[in-house]
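Visitor: Predicted model and sequence below, questions to follow.
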Amino acid sequence: MWYKDTLVERFLKYTAISSQSNSEEKILPSSSGQMELAEVLKKELEKMNLSDIKLTENAILTARLKGTDTSFPTVGFITHLDTFDGGFSPDVKAQIKKFTGSDILLNEKEKIFLTIEENPEILKYLDEDILVTDGTSVLGADDKAAVAVVMMSLEYLIKEKPEHGDIVVAFVPDEEIGLRGAKALNLDDFKADFAYTLDCCELGEVTCDNINSASCIVNIEGVVAHSMSTKSDRVNPILVAVDLINRIETNDNPKEREAMFNIREFSGGVRNSRIRVAIGSFDKVEFQQQKDLITRHLKDLQDLYPKAKISYEIFDNFLNMKDGIGDKTHSVDLIYACMEKLHITPKTISMRGGTDGSDISNRGIPTPNYFTGAHNFHSNFEFLPISSFIKAFELTIEIIKSANQNINKKD
Ligand SMILES: [Zn+2]
């Protein structure tokens, strides 16, 4: 397995480049580290002699590896350059620790441990080497483990020369702050028959179903008057906002595929108030009904408080990849078939979030997701067992090599 060390080396190299995204920033990319990483990758792609290499000013990097066999479909891989902020240090200091059955010391100075009590799933990896953080940042396996797998796969295909079709790759910024890079990706630079993201989680996980997500932002302008005024036209925007909140059935702990409304932001004074509501459902029809319902509440409120100025906007953050994939399930069937070949037990999950594939699937290229092998995404206890990481790489190669096969549809 010559690729084992190289895969880990690549991962350490990419995580050493700080590329946390910044939701406060409106420009794309939202941080300069993402462009820095894109430039490093571009150089590596050039060295490997890929064609159609393009790096845009928005840090969107795309390229193509010519296939050996034109009867194969073109397979795409899209991974993201940014890491999650979450108030953690932007600088990742990844380290390899062997799990010997006791808590793993991440940070001697700050006495931070990855404990078995809080992470019992680590027991599956006894006596294995595990990539961990120094306790102050995320590990950034989300999504640099995927970046490393894709780069390594290109290197492997060039070196080992198995039969394969064209491979197109895209490395995009700012996934963590609303799939901004994927949304800005020009699909003329990513002409794949189907594609994949590797953007979540432990060994075996497959996602081809995610929640539809929208935001509703409401601004309420009240009417201010002195309380001694004889006029009775005061409207308190805080109370109008509270009235709206009371009309919405919020659900802060939704289970599995349950739909939900969440109040994510509320601020106000005597003149103005503002609310941000998150709307989510796995089902397309129900999702539309949720948006209609909130619109009706807002109209009713406007009738009830005619002197208040209520303005709002509702916009989609991402849609369910399942609707985008539709009956073009070859990409999904291929994941399961290749997992079977590699003796990986699949674990299909519905994701209460989005991936770049949610956007790309709904723009016509089926793009399901499979594991990188990491646990605890978006946490300073994120960890990546190297054995799972290698499996993610091996699965990627298997998918590429099997892409032209007719897979019997799974029920
Ligand atoms: Zn991610």
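Guide: Received, thanks. Residues are numbered from 1 along each chain as shown.

Visitor: quick one: Glu44 and Ala148 touch, right?
Guide: No. Between Glu44 and Ala148 there is no contact under C-beta atoms under 8 Å: 11.0 Å. From N, CA and C alone the C-beta is placed, and that goes for glycine too.

Visitor: if you count what's nearby, which of these two comes out ahead?
Guide: The residue with more neighbours, out of Glu44 and Ala148, is Ala148; 27 against 16, by other C-beta atoms under 10 Å.

Visitor: Identify the residues contacting that one.
Guide: Contacts for Ala148 were tallied using C-beta atoms under 8 Å, 6 or more residues apart in numbering; they are 7, 10-11, 14, 389.

Visitor: Try it again at 10 Å.
Guide: Residues near Ala148 by C-beta atoms under 10 Å, 6 or more residues apart in numbering: 6-15, 79, 141, 198, 372, 389, 392-393.

Visitor: Restricting to those, which residues neighbour the ion?
Guide: Among these, no residue is within reach of the ion (C-beta under 5 Å from the ion).

Visitor: From the chain's centroid, how far away is stretch 2-20?
Guide: Between the mean C-alpha location of stretch 2-20 and the chain-wide mean there is a distance of 19 Å, by C-alpha atoms, centre = their mean, to the nearest Å.

Visitor: Quick check, Asp134 in contact with Glu108.
Guide: Yes. Shown here, Asp134 and Glu108 form a contact pair, counting by C-beta atoms under 10 Å, at 9.3 Å.

Visitor: who's more crowded, these two?
Guide: A direct count of neighbours by other C-beta under 10 Å for Asp134 and Glu108 places Asp134 higher, at 19 against 9.

Visitor: ok, how many other residues are close to the residue lying closest to the more buried one once chain neighbours are set aside?
Guide: Nearest residue to Asp134, sequence neighbours excluded (C-beta to C-beta, 6 or more residues apart in numbering): Lys93, at 4.3 Å. Burial of Lys93, expressed as a neighbour count using other C-beta under 10 Å, amounts to 17.

Visitor: cool, Asp292 as well?
Guide: 11.

Visitor: Likewise for His330?
Guide: Neighbour count for His330, taken as other C-beta under 10 Å: 17.

Visitor: Phe393 too?
Guide: Other residues near Phe393 number 24, with proximity taken as other C-beta under 10 Å.

Visitor: now swap in Tyr125 and tell me
Guide: By other C-beta under 10 Å, 18 other residues sit near Tyr125.

Visitor: ok, it - contacts?
Guide: When contacts are counted by C-beta under 10 Å, 6+ apart, Tyr125 touches 98-99, 203, 375, 383, 385-388.

Visitor: Show me the two of these that sit farthest apart.
Guide: Greatest spatial distance among the contacts of Tyr125 (C-beta to C-beta): Lys98 and Leu203, at 18.2 Å.

Visitor: Look at those two and report which has more neighbours.
Guide: Neighbour tally, Lys98 and Leu203, criterion other C-beta under 10 Å: the higher count belongs to Leu203, 24 against 12.

Visitor: Would you mind measuring from that one to Ser387?
Guide: As judged by C-beta to C-beta, to the nearest Å, Leu203 and Ser387 stand 8 Å apart.

Visitor: Next: Leu395.
Guide: Leu395 sits 13 Å away from Ser387, taking C-beta to C-beta as the criterion.

Visitor: Give the intersection of the neighbour lists for the two.
Guide: Shared contacts of Leu395 and Ser387 (C-beta under 10 Å, 6+ apart): 203, 373.

Visitor: Could you check the pLDDT of whichever residue of the stretch 201-350 of the chain sits closest to the ion?
Guide: As assessed by C-beta to the ion, the ion sits closest to Cys201 within the stretch 201-350 of the chain, at 9.8 Å. Here the pLDDT value assigned to Cys201 is 89.

Visitor: For it, which residues are in contact?
Guide: Contact analysis of Cys201 by C-beta under 10 Å, 6+ apart lists 141-142, 207, 347, 349, 351, 369-377, 388.

Visitor: can you rerun that using 7 Å?
Guide: Shown in contact with Cys201 (C-beta atoms under 7 Å, 6 or more residues apart in numbering): 371, 374-375, 377.
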